[in-house]
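Participant: need a 3D model of the following:
(one chain, ligands or ions: 1)
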Amino acid sequence: MKGPTYLDNNATTRVAPEVVEAMRPFFEDLYFNPSSMYEPAQQAHNAIEEARRTVAEALGGVRPQEILFTGCATESNNAAIFGTIAANPARRHVITTCVEHPTVFEVGRELQRREFEVDFIPVDTSGRLDMGAYVRALRPDTLMVSLMHANNETGVIFPVADLARITKETDPSIIVHTDATQTVGKIELNLEGAFKHVDLLSFSGHKLHAPKGIGALFMRRGTPCRPFLIGGHQEEGRRAGTENVAFIVGLAKALELAAENHDTDQERIRRLRDKLQKELTNRIPFTQVNGGETERLANTLNLAIHFIEGEGILYQLSAVGICASSGSACTSGSLEPSHVLRAMSIPFTAVHGSVRFSLSRYTTEEEIDHVIEIFPEIVANLRRLSPYWDVKRNAPRPEAAPLMHQTEMPAG
Ligand code: PLP
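Facilitator: Numbers count the residues shown, from 1 in each chain. Below is the predicted model of the structure:
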């Protein structure tokens, strides 16, 4: 049976069949607790250590002991930030950005509630970080910075290697954390090379064809960071909890697969994304690519379609078997535009009509062609419902056109 046209790979990915196969023995025959003393349990333990070496190798040949396995990137981000503040009580200033994933953004807000000073660095309309503001924010009492590598909504990539270097040149004791959940497996990261100034790096298995429920945290040797989960002695006492052996093995296998065909996969994905972008922007008037002028992940297209509701588009796409996501979240009955698109000052006429398509190595040309064929018609039908849209001219009504430059809806 053919499944849906799945273009929501920044939300989660299909588990690779090779990953399923690699994990299978640890459900069926080698289900033992890796901390137990008997011989079969040692095999489970050895599998974890081999996976740790594979992950360490994939991140540029770091030390295997610098890799901690966690439950997800949410845990890795929380462990990195709360662990760092717990270990360094003398400093109380933290820097992050306005466009972080909630697993960092909301932690930043929680730190403010705990009376830390937190600077959220803004971005411009293309999603680029305000580098001047970042440099100015660094202070003698800055404890840590947490900067995402690529944005999950727009795919915009921050120059984290440079930001980390600038930070360490300013003060080597500032701890640099990056949330690389959207880049590990998509971009080659060398923590012993260009990224050598990064102290802590988070990522998650389910964004790179491993299962949900496994993540990792790179913690450079010597980084002062206290354990977040306390209890058993697992992960050298740095993350208590019986290890998820099968998923750890699956994560390592997924990283191996990503490395094997990295360049050809990413080139193919970029070509398909570019085709989708070109065709949709040609066929649908009054659209803009959020983050389109900036260095972006090869797999992500975030399209703002003026005078349309994102939820309406998703519903219609879903009805024809196409899975994508929007830039709005339905909170308490009202559609809240995402904090990322708001931070980029996307006009209010487009912020609700933003749709994210995200591809993977399993995306086919037929699927992209299917979307190109169907999507413009869906948009045209929805625009017919908009009070701002002139169907005859296939353009906004003259009085509505200036609204395309406003970030706030006019009152009344
Ligand atoms: N950070 C980023 C940038 C993400 O995109 C996500 C998931 O969407 C997360 C963190 C959280 O990952 P997890 O689902 O593994 O907790």
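Participant: just the helices from the stretch 251-400 of the chain, written as ranges.
Facilitator: 262-283, 310-319, 339-343, 348-351, 365-383 (DSSP state H, counting those that start in this stretch).
Participant: just the mean pLDDT for stretch 290-300, thanks.
Facilitator: Mean per-residue pLDDT for stretch 290-300: 97.
Participant: rewinding a little: make a markdown table from the helices of the stretch 251-400 of the chain and add distance to E408 and mean pLDDT to it.
Facilitator: Just so you know, the C-beta spots here come from the backbone N, C-alpha and C atoms, and that holds for glycine as well. A markdown table is the format used below for the helices of the stretch 251-400 of the chain (distance: least, Cβ to Cβ, whole Å; pLDDT from 0 to 100):
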| stretch | distance to E408 | mean pLDDT |
| --- | --- | --- |
| helix 262-283 | 25 | 97 |
| helix 310-319 | 18 | 87 |
| helix 339-343 | 10 | 95 |
| helix 348-351 | 6 | 86 |
| helix 365-383 | 22 | 96 |
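Participant: any idea which of those helices is most buried?
Facilitator: Mean neighbour count, computed with mean count of other Cβ atoms under 10 Å, is highest for helix 348-351 among the helices of the stretch 251-400 of the chain, reaching a mean of 23.
Participant: chain center to that helix, what's the gap?
Facilitator: 23 Å (Cα atoms, centre = their mean, to the nearest Å).
Participant: cool, stretch 179-190 as well?
Facilitator: The answer for stretch 179-190 is 9 Å, by Cα atoms, centre = their mean.
Participant: in it, what's buried?
Facilitator: D179, A180, T181, Q182, T183, V184, G185, K186, I187, E188, L189 (16 or more other Cβ atoms under 10 Å).
Participant: farthest-separated two in these?
Facilitator: D179 and E188 (17.3 Å; Cβ to Cβ).
Participant: ok, P387 to the ligand distance?
Facilitator: For P387, the distance to the ligand (Cβ to the nearest ligand atom, to the nearest Å) stands at 34 Å.
Participant: what's the neighbour count on that residue?
Facilitator: 7 (other Cβ atoms under 10 Å).
Participant: and what of E408?
Facilitator: 9.
Participant: and T364, by the same measure?
Facilitator: Around T364 there are 11 residues (other Cβ under 10 Å).
Participant: can you pull the pLDDT of it?
Facilitator: T364 is given a pLDDT of 98.
Participant: let me see the backbone angles for it.
Facilitator: When quoted as degrees, to the nearest 10, the phi and psi of T364 stand at phi -110, psi 160.
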